[in-house]
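S.K.: give the three-dimensional model of this entry:
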Amino acid sequence: MLPLLTKPRVRIYLHPEQISVAQLRGWPQPTIIDYQVFSPSTHTSKQPTAELLLATLEQALSHLPKGSSIEMILANYYCRFVVVPWHDSLDSQGREQLSKALFNQQYAPEQALDYQFMADNCRFGQTQLVVAIKSSLLTAIEQLAIVKGHAFKLLQPSLVVVWNRFYRQLTGQQTLAIEEYHRLYVIHQDQGHLQQVTVQPSSLPLALEQVVYFNRTASTTDTLSNNCLLRLKPYQLPNDCADPYHAFTLCGVF
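M.R.: This is a model prediction of the structure:
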């Protein structure tokens with residue numbers, strides 16, 4: 001019997017400073033068989049733009065085998081987050097309207113028309129995390145993958161990836177803090193139940209006791225994982241511990 005041929009599986013991390021591309025093999029515990037980093041062709045001191053991100057992504061996609069099945073992780077920099085409280089009287093349409101109203105309160109009201117809203121599965125009696133991403137950026141990313149001959153399967157913000165990966169392991173009121181491109185994205189939760197998402201400059205300290213920090217960092221021991229790790233620092237370990245971090249590959253294998 002001939003072996004079943006499958007599309008190459010690829011996970012891409014879209015970050016303002018660089019794009020990480022990992023080709024994976026195996027399921028459900030895949031291994032990284034190839035890893036590449038693509039940086040913007042021009043250096044600028046200004047804020048990163050969607051145009052520069054797309055130009056770098058086009059370069060990265062051109063190096064992949066045709067027909068690759070692509071999952072993308074988008075840096076939180078390109079996203080907006082709204083936490084929608086539970087209301088017994090609201091159906092799915094009502095929650096959608098409420099999420100847009102809350103978005104208008106947090107951000108400029110006119111921006112809502114330019115964003116596409118994506119929500120996680122709403123569990124009874126619990127808050128719902130809603131992510132807003134510019135429609136033009138989402139469309140351009142998907143179309144670029146198709147034009148390059150690939151199958152676009154999934155796009156998630158890195159905050160959502162971290163939350164889905166770790167919320168079941170949380171106890172008490174630990175706070176998740178994700179450091180990414182000079183900002184700190186803080187997830188407030190209680191017993192794995194999302195409470196609030198806040199954003200602040202990464203230079204400002206968090207006045208909280210139980211914080212689990214994540215940050216993207218280079219690895220000197222694993223070339224396949226270079227520049228694509230999130231480091232998990234349990235709050236209970238002392239700061240002077242030799243290596244208090246547990247790392248997993250954001251772009252590669254979770």
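S.K.: the stretch 51-200 of the chain: helices as residue ranges?
M.R.: Counting by DSSP state H, counting those that start in this stretch, one finds helices in the stretch 51-200 of the chain at the ranges 92-106, 135-147, 158-166.
S.K.: any idea how far the second one is from the chain center?
M.R.: When you say that, I think you mean helix 135-147. Between the centre of helix 135-147 and the centre of its chain there are 17 Å (CA atoms, centre = their mean, to the nearest Å).
S.K.: buried ones in that helix?
M.R.: Going by neighbour count (16 or more other CB atoms under 10 Å), the buried part of helix 135-147 is L137, L138, A140, I141, L144, A145. The way it works is simple: take the backbone N, C-alpha and C, and place the C-beta from them, glycine included.
S.K.: I'd assumed L57 was in contact with the fifth one.
M.R.: To tie it back to what came earlier, the one meant is L144. Yes - with contact defined as CB atoms under 8 Å, L144 reaches L57; the gap is 6.1 Å.
S.K.: which neighbours do these two share?
M.R.: Overlap of the contact sets of L144 and L57 (by CB atoms under 8 Å, 6 or more residues apart in numbering) is empty.
S.K.: could you find the closest non-adjacent residue to Q36?
M.R.: With CB to CB, 6 or more residues apart in numbering as the criterion, Q36 has its nearest non-adjacent residue at 4.9 Å, and that residue is V21.
S.K.: in its sheet, what does the helix or strand hosting that neighbour sit against?
M.R.: With elements taken from DSSP states H and E, the one containing V21 is strand 19-25. Counting by DSSP bridges, the strands paired with strand 19-25 are strand 9-14 (antiparallel), strand 31-38 (antiparallel).
S.K.: what about the shortest one, average pLDDT?
M.R.: Put plainly, it is strand 9-14. Strand 9-14 shows a mean pLDDT of 93.
S.K.: now the last one
M.R.: For strand 31-38, mean pLDDT is 88.
S.K.: likewise for stretch 133-153?
M.R.: pLDDT averaged over stretch 133-153 gives 96.
S.K.: re earlier: wait, what's in contact with the residue nearest to Q36?
M.R.: V21 sits next to V10, R11, I12, Y13, Y35, Q36, V37, F38, A60, H63, L64, C251 when contact means CB under 8 Å, 6+ apart.
S.K.: with distance to A177 added, can I get the buried residues of helix 135-147 in TSV?
M.R.: As requested, these are exported to TSV (distance: CB to CB, whole Å):
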residue	distance to A177
L137	25
L138	26
A140	30
I141	27
L144	32
A145	31
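S.K.: quick one: which of those is nearest S92?
M.R.: Distance to S92, by CB to CB, is smallest for L138 among those, at 20.6 Å.
S.K.: test my guess that the closest one contacts P157.
M.R.: No - assessed by CB under 8 Å, L138 is found out of contact with P157, at 11.5 Å.
S.K.: kindly export stretch 31-41 (C-alpha atoms) in PDB.
M.R.: The C-alpha trace of stretch 31-41 is given here as PDB (Å, rounded to 0.1, in the frame of the first residue of the first chain):
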ATOM      1  CA  THR A  31       8.600  18.000  15.200                       C
ATOM      2  CA  ILE A  32      10.200  20.900  13.500                       C
ATOM      3  CA  ILE A  33      12.000  19.800  10.300                       C
ATOM      4  CA  ASP A  34      12.900  23.300   9.000                       C
ATOM      5  CA  TYR A  35      13.000  26.700  10.500                       C
ATOM      6  CA  GLN A  36      13.700  30.100   9.000                       C
ATOM      7  CA  VAL A  37      13.500  33.800  10.000                       C
ATOM      8  CA  PHE A  38      12.700  36.600   7.600                       C
ATOM      9  CA  SER A  39      13.300  40.200   8.600                       C
ATOM     10  CA  PRO A  40      12.000  43.400   7.000                       C
ATOM     11  CA  SER A  41      14.200  44.500   4.100                       C
END
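S.K.: need the pLDDT of the spatially closest residue to S203 that is not a sequence neighbour.
M.R.: Leaving out its chain neighbours, the residue that sits closest to S203 by CB to CB, 6+ apart is H182, at 7.7 Å. Here the pLDDT value assigned to H182 is 88.
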